[in-house]
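1. sequence below, structure please.
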Amino acid sequence: MSSATLQDHPSVESFFNVVETETLALFEHLSFEFLEEFDVFAPAKMGRTRDLEPPEMMRGFLHCYYKNIYGIRPVARELNNTVVWLSCGFDRPPSRDAVDRFLTDLEHVVDRVFDHLVEQAALRGLLELTYSIDSTDVRAMPADPDASKCYDPTDDEYYYGYGCTIVSTGQKIPIAAEFTESKQAPEETAMRVTRDALAVEKPMWMLGDSAYDTLEWHDHLLTAGVVPVAPYNPRNTDDPKNIEYRVEDRIEKHSNDVQLKQSTLDETYNRRSGVERTNESVKGCGLGRTHARGRVHSRAQVFLALCLRLVVAITNYERGDNPGSTVITV
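-> Okay, the predicted model is just below:
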């Protein structure tokens with residue numbers, strides 16, 4: 001039975017006429033045709049041609065992640081549901097091999113797909129003047145050979161997994177990220193993610209916890225015209241200063257004209273809880289626990305979760321709803 005015939009079938013036509021599905025809403029305001037520009041998705045010059053298009057496959061994965069469906073087999077099974085594959089724009093349901101092939105190809109460019117969606121959020125004015133940076137844990141499957149043994153002080157437990165460093169802004173909008181071996185990311189990662197965030201749009205403030213109390217991070221931001229706010233960690237030196245935030249000392253060295261009141265810094269730092277809410281919302285999109293084995297597959301799932309969070313935020317904005325909401329109301 002062809003897709004045209006299926007679309008004309010009374011039961012399917014009735015479904016689309018009566019019910020506005022969340023899946024249809026997800027793809028109403030965003031085009032995924034840009035995926036066809038990536039070389040990795042180009043049909044082979046010789047041999048088998050591409051039997052399913054990247055935009056449809058991307059929509060299929062976003063639908064599944066929104067429904068908390070992960071893994072090649074479960075995704076392929078879900079995309080064999082007639083209403084689902086029609087909603088995602090397929091001419092026919094994809095095979096398990098096609099699903100696997102697309103995810104393997106996507107792994108090479110998924111961070112660039114994320115960057116594209118960040119640009120779409122920026123064009124809609126969803127970014128604010130305060131950025132926050134933080135790291136979160138990504139739990140792995142027990143059989144994942146690449147996962148690191150990590151410690152969670154909150155629950156006083158060890159687990160196997162990875163980490164993700166995220167810069168967010170506004171209403172739970174991730175704008176830069178990096179997948180890491182563990183939750184505690186090295187300073188090099190923090191600097192790279194910070195530079196990526198500033199490349200999108202320059203904020204007024206950048207907030208971080210005491211883990212970001214480093215000279216390089218502060219000086220880089222101040223040079224860029226951004227005020228960094230991270231609590232001063234006196235354990236980093238044998239001669240601690242009488243300050244609450246590292247920026248108090250750096251401002252004194254960098255500028256004679258700029259002054260920051262303690263109350264202003266306190267009030268600004270209190271906004272840092274926004275990044276924690278972003279982390280939780282992205283975990284709800286699939287970042288919290290990977291359903292793949294190996295670092296490469298896990299990284300792809302993490303960035304797909306970040307992409308979904310942006311798609312949901314943009315969709316809610318376009319529909320006149322709260323961009324910070326993690327669900328789409330239809």
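2. for the stretch 101-250 of the chain, just list every one of the helices.
-> Ranges of helices in the stretch 101-250 of the chain, per DSSP state H, counting those that start in this stretch, are 110-123, 187-200, 215-223, 246-254.
3. to residue 297, which of those lies closest?
-> helix 110-123 (10.8 Å; C-beta to C-beta). For every residue, glycine as well, the C-beta is placed using N, CA and C.
4. now do the phi/psi pair for the residue nearest the centre of the chain.
-> In the chain, the centroid-proximal residue (C-alpha atoms, centre = their mean) is residue 306; its distance is 2.0 Å. Backbone torsions for residue 306, taken as degrees, to the nearest 10, come to phi -60, psi -40.
5. distance of it from residue 221?
-> In this view, residue 306 and residue 221 are 23 Å apart by C-beta to C-beta, to the nearest Å.
6. returning to that earlier point: just checking, the residue nearest to the centre of the chain touches residue 179?
-> No. Shown here, residue 306 and residue 179 do not form a contact pair, counting by C-beta atoms under 8 Å, at 9.7 Å.
7. excluding chain neighbours, what is closest to residue 64?
-> In space, and not counting its chain neighbours, residue 64 is closest to residue 75: 4.7 Å by C-beta to C-beta, 6 or more residues apart in numbering.
8. residues near that neighbour, how many?
-> Residue 75 has 25 neighbours, counted by other C-beta atoms under 10 Å.
9. do the same with residue 27
-> Neighbours of residue 27 (other C-beta under 10 Å): 20.
10. low-confidence ranges in this protein?
-> 1-20, 44-51, 236-239, 252-260, 288 (pLDDT under 70).
11. how about the strands of it, start to end?
-> Taking DSSP state E, the strands of the chain run over residues 130-139, 148-152, 157-169, 173-180, 205-207, 227-229.
12. what angle do the first one and strand 148-152 make?
-> Strand 130-139 runs at 120 degrees relative to strand 148-152, counting by axes from the mean of the first three to the mean of the last three C-alpha atoms, to 10 degrees.
13. so which elements touch strand 130-139?
-> Here strand 130-139 touches strand 157-169, strand 173-180, helix 187-200, strand 205-207, helix 273-282, going by 3 or more C-beta pairs under 8 Å, 6 or more residues apart in numbering; DSSP states H and E.
14. which stretch among those comes nearest residue 43?
-> Across the helices and strands packed on strand 130-139, closest to residue 43 is strand 173-180 (C-beta to C-beta), at 29.0 Å.
15. which outside residues touch that closest one?
-> Outside of strand 173-180, the residues within contact range by C-beta atoms under 8 Å, 6 or more residues apart in numbering are 114, 118, 121-122, 126-127, 131, 135, 138, 162-169, 185-186, 189, 192-194, 196-197, 200, 278, 282, 295, 298-299, 302-303, 306, 309-310, 313, 323.
16. now the angle from it to strand 148-152?
-> Using the same axes, to 10 degrees, strand 173-180 lies at 130 degrees relative to strand 148-152.
17. what does stretch 308-322 contact?
-> For stretch 308-322, contacts defined as C-beta under 8 Å, 6+ apart pick out 25-26, 28-30, 62, 65-66, 114, 117-118, 120-121, 124, 126, 171-174, 278, 281-282, 285-286, 323-329.
18. again, but for stretch 285-302
-> 65-66, 68, 70-71, 103, 106-107, 110, 136, 138-141, 143-147, 161-162, 164, 177, 179, 181, 279, 304-306, 308-309, 312, 326.
19. span of that stretch from start to end?
-> Length of stretch 285-302, first residue to last, C-alpha to C-alpha, to the nearest Å: 9 Å.
20. how far off centre is it?
-> Centroid separation for stretch 285-302 versus its chain: 12 Å, with C-alpha atoms, centre = their mean, to the nearest Å.
21. how many other residues sit next to residue 142?
-> Counted with other C-beta under 10 Å, residue 142 comes out at 8.
22. quickly list the domain ranges of the protein.
-> For the chain, automatic domain parsing gives the domain ranges 3-106, 110-119+127-302.
23. quick one: the shortest one to chain centroid distance?
-> So that's domain 3-106. Taking mean C-alpha positions (C-alpha atoms, centre = their mean), domain 3-106 and its chain are 21 Å apart.
24. repeat that for the last one.
-> A distance of 13 Å separates the centroid of the chain from that of domain 110-119+127-302, by C-alpha atoms, centre = their mean.
25. now distance to residue 272 too, for the helices of the stretch 101-250 of the chain, in TSV please.
-> Formatted as TSV, the helices of the stretch 101-250 of the chain follow (distance: least, C-beta to C-beta, whole Å):
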stretch	distance to residue 272
helix 110-123	20
helix 187-200	15
helix 215-223	15
helix 246-254	14
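26. okay, those helices in CSV with distance to residue 93 and mean neighbour count next?
-> Output for the helices of the stretch 101-250 of the chain, formatted as CSV (distance: least, C-beta to C-beta, whole Å; neighbours: other C-beta atoms under 10 Å):
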stretch, distance to residue 93, mean neighbour count
helix 110-123, 23, 18
helix 187-200, 37, 18
helix 215-223, 48, 17
helix 246-254, 55, 17
